[in-house]
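>>> Quick one: sequence and predicted model below, then my questions.
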Amino acid sequence: MASRGVFILRSGVSGLVKHAVPAHPVRATALAPAAARRALGAVALAAMLVAGVVLGAGAAGQRLYFFVPAARPGFPDWMRGPLAHLGLRLDPHDGAVLLVVLFAGYLVALACAEQIPARLVIAVIVALHGVFLLAPPLFSADVFGYIDYARLGAIHGLDPYTHGALSAPGDDVAQFVRWHNIPSPYGPLFTLASYTLAHLSVAVTLWVYKVLAAVAGLGCVALVWRLAARTGQRPRRAAILVGLNPLFVVYGVGGAHNDLLMQLLVLGAIASVLHQRDGAAGTQIALAALTKASAGLVAPFLIAGAHRPARAFTAALAAVVVVGLAGLAIIGKHEFEFVAQLFTQQELVALHSVPNQLGVLLGQDGLTPPVRAACSAAFVLAVLWLLLRAWRGANWIACAGWATLAALMTSAWLTPWYVVWLLPLAAIAPSRPLRLATLMFCAYVLLTRVVYYL
């Protein structure tokens with residue numbers, strides 16, 4: 001009987017131990033860190049959302065050229081947007097701090113991406129796009145340039161590729177334009193599309209562009225999510241890399257930049273190549289380049305990666321001809337002058353562009369002719385080498401991403417929203433070094449803005 005009692009006692013203890021200790025102790029020990037990362041990621045997303053609302057509302061509530069460059073002659077209520085009703089006020093130092101908070105939250109969210117619920121990620125991406133849709137046109141007056149070029153052609157009968165805002169100084173939009181004597185640097189497809197809005201009021205047109213930017217931004221994120229799964233990347237991380245990047249949402253969506261429309265077409269072309277729809281891919285990449293010429297940098301890599309390169313090239317050429325003929329009939333014979341504007345733009349020098357800072361580090365007075373020539377040569381050599389690699393079978397999306405990064409790092413003219421060209425490529429390419437380099441470049445761009453604002 002005693003031995004039987006001992007047996008029963010041992011059985012009971014064994015059962016308790018069996019139920020108390022999980023069958024997979026390693027998996028159990030991983031639960032706590034995973035839960036901590038999930039909580040940390042949720043806190044980071046909440047901090048980003050709060051910082052975004054404060055930045056958007058503060059910019060709307062403060063008559064300050066710093067936040068809204070177009071507000072220099074005045075800050076009408078229609079430009080402020082609905083966030084002005086929150087009554088917040090910010091100074092440049094506040095703006096700098098909020099950008100740092102946004103970027104810090106972004107990095108934490110990236111680090112915790114796989115532990116954050118997908119629905120929460122999507123909800124915050126949509127919410128931040130909504131916040132900067134409702135904010136006034138932030139840190140740029142380019143959207144009023146879009147409006148002005150359309151009104152020059154459709155209302156005043158002037159070719160926007162040979163005239164600037166000074167040619168119609170009495171127009172309602174002219175007072176909000178920053179670049180008064182520069183013809184349009186945008187492609188004829190974008191110009192033709194913008195003509196359809198020319199007869200609307202400036203206020204209505206501004207908010208149409210804001211809506212288009214937000215929708216295009218979300219469209220880019222949705223395509224990145226799908227393409228990341230297709231290319232073997234983690235969709236959640238890819239979506240965060242693009243859709244929560246402060247330069248993407250604050251400057252791209254907040255500034256209503258057409259770079260988002262261009263990039264949506266680029267991603268559509270990439271999707272078509274991956275589905276072996278080479279004709280559609282060629283058409284889409286041509287339309288992207290006819291929206292903004294910078295998309296043309298991706299075109300040769302896309303053709304190299306196509307299943308039938310000749311078909312993609314032929315479709316792209318056909319799209320250029322069709323849009324060119326339409327532009328010739330409606331705009332005029334100078335429609336392709338936007339390509340020359342790329343070279344004219346390189347004559348400008350952004351204070352914080354990499355070549356200019358390189359000149360300063362070399363003890364020069366900023367960007368000197370030798371430094372400019374060296375950067376241009378480095379860009380050309382890098383693109384040629386990357387194209388050769390793509391044609392020899394290297395991943396063409398990664399090659400296009402590196403080429404885009406090379407363009408941004410060697411360009412004399414650099415603005416924060418140009419990272420819109422790079423982020424989606426880095427998100428979907430099977431290249432961890434490209435993602436790390438992209439994050440480092442974004443940190444550099446943001447740091448130059450923060451230092452300037454402080």
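Noted; the coordinates are in hand. Numbering: from 1, shown residues only.
>>> how about the strands in the stretch 51-200 of the chain?
For the stretch 51-200 of the chain, no strands turn up when DSSP state E, counting those that start in this stretch is the criterion.
>>> pLDDT weak spots in it?
Where the stretch 51-200 of the chain drops to pLDDT under 70, the residues are 63-65.
>>> Mind doing that once more with 80?
Residue ranges of the stretch 51-200 of the chain with pLDDT under 80: 62-66, 72-74.
>>> That one: helices as residue ranges?
Using DSSP state H, counting those that start in this stretch, the helices of the stretch 51-200 of the chain run over 77-80, 92-111, 118-134, 142-154, 188-195.
>>> for those, which one ends up most surrounded?
Highest mean neighbour count of the helices of the stretch 51-200 of the chain: helix 142-154, a mean of 25 (counted as mean count of other CB atoms under 10 Å). Just so you know, the C-beta spots here come from the backbone N, C-alpha and C atoms, and that holds for glycine as well.
>>> Which secondary structure elements does that helix sit against?
helix 188-195, helix 202-230 (3 or more CB pairs under 8 Å, 6 or more residues apart in numbering; DSSP states H and E).
>>> Take these and write them to TSV, including distance to V298.
Shown next, in TSV, are the helices and strands packed on helix 142-154 (distance: least, CB to CB, whole Å):
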stretch	distance to V298
helix 188-195	16
helix 202-230	14
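>>> hang on, the earlier thing: distance to G366 added to the helices of the stretch 51-200 of the chain, as TSV?
Formatted as TSV, these follow (distance: least, CB to CB, whole Å):
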stretch	distance to G366
helix 77-80	34
helix 92-111	23
helix 118-134	32
helix 142-154	24
helix 188-195	32
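>>> out of the ones you listed, nearest to L405?
helix 92-111 (17.9 Å; CB to CB).
>>> just checking, what packs against the closest one?
Partner elements for helix 92-111 (3+ CB pairs under 8 Å, 6+ apart): helix 25-61, helix 235-243, helix 246, helix 432-453.
>>> so which of these comes closest to A70?
Among the helices and strands packed on helix 92-111, helix 25-61 sits nearest to A70 (CB to CB), with 11.6 Å.
>>> Pull out the buried residues from the closest one.
Across helix 25-61, burial judged by 16 or more other CB atoms under 10 Å covers 37-38, 40-42, 44-45, 47-49, 51-61.
>>> Any idea which of the helices of the stretch 51-200 of the chain gets closest to F441?
Of the helices of the stretch 51-200 of the chain, nearest to F441 by CB to CB is helix 92-111, at 12.7 Å.
>>> what angle separates that closest one from helix 118-134?
Orientation check (axes from the mean of the first three to the mean of the last three CA atoms, to 10 degrees): helix 92-111 against helix 118-134 gives 160 degrees.
>>> got the CA positions of helix 92-111 in PDB?
Only the C-alpha atoms of helix 92-111 are listed here, as PDB (Å, rounded to 0.1, in the frame of the first residue of the first chain):
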ATOM      1  CA  PRO A  92      10.400  75.900 -36.000                       C
ATOM      2  CA  HIS A  93      12.000  74.200 -33.000                       C
ATOM      3  CA  ASP A  94       8.700  72.400 -32.200                       C
ATOM      4  CA  GLY A  95       8.600  71.200 -35.800                       C
ATOM      5  CA  ALA A  96      12.100  69.900 -35.600                       C
ATOM      6  CA  VAL A  97      11.300  67.900 -32.400                       C
ATOM      7  CA  LEU A  98       8.200  66.500 -33.900                       C
ATOM      8  CA  LEU A  99      10.100  65.300 -37.000                       C
ATOM      9  CA  VAL A 100      12.600  63.600 -34.700                       C
ATOM     10  CA  VAL A 101       9.800  61.900 -32.800                       C
ATOM     11  CA  LEU A 102       8.200  60.700 -36.100                       C
ATOM     12  CA  PHE A 103      11.500  59.300 -37.300                       C
ATOM     13  CA  ALA A 104      12.300  57.600 -34.000                       C
ATOM     14  CA  GLY A 105       8.800  56.000 -33.900                       C
ATOM     15  CA  TYR A 106       9.300  54.900 -37.500                       C
ATOM     16  CA  LEU A 107      12.600  53.200 -36.700                       C
ATOM     17  CA  VAL A 108      11.100  51.400 -33.700                       C
ATOM     18  CA  ALA A 109       8.100  50.300 -35.700                       C
ATOM     19  CA  LEU A 110      10.400  48.900 -38.300                       C
ATOM     20  CA  ALA A 111      12.300  47.000 -35.700                       C
END
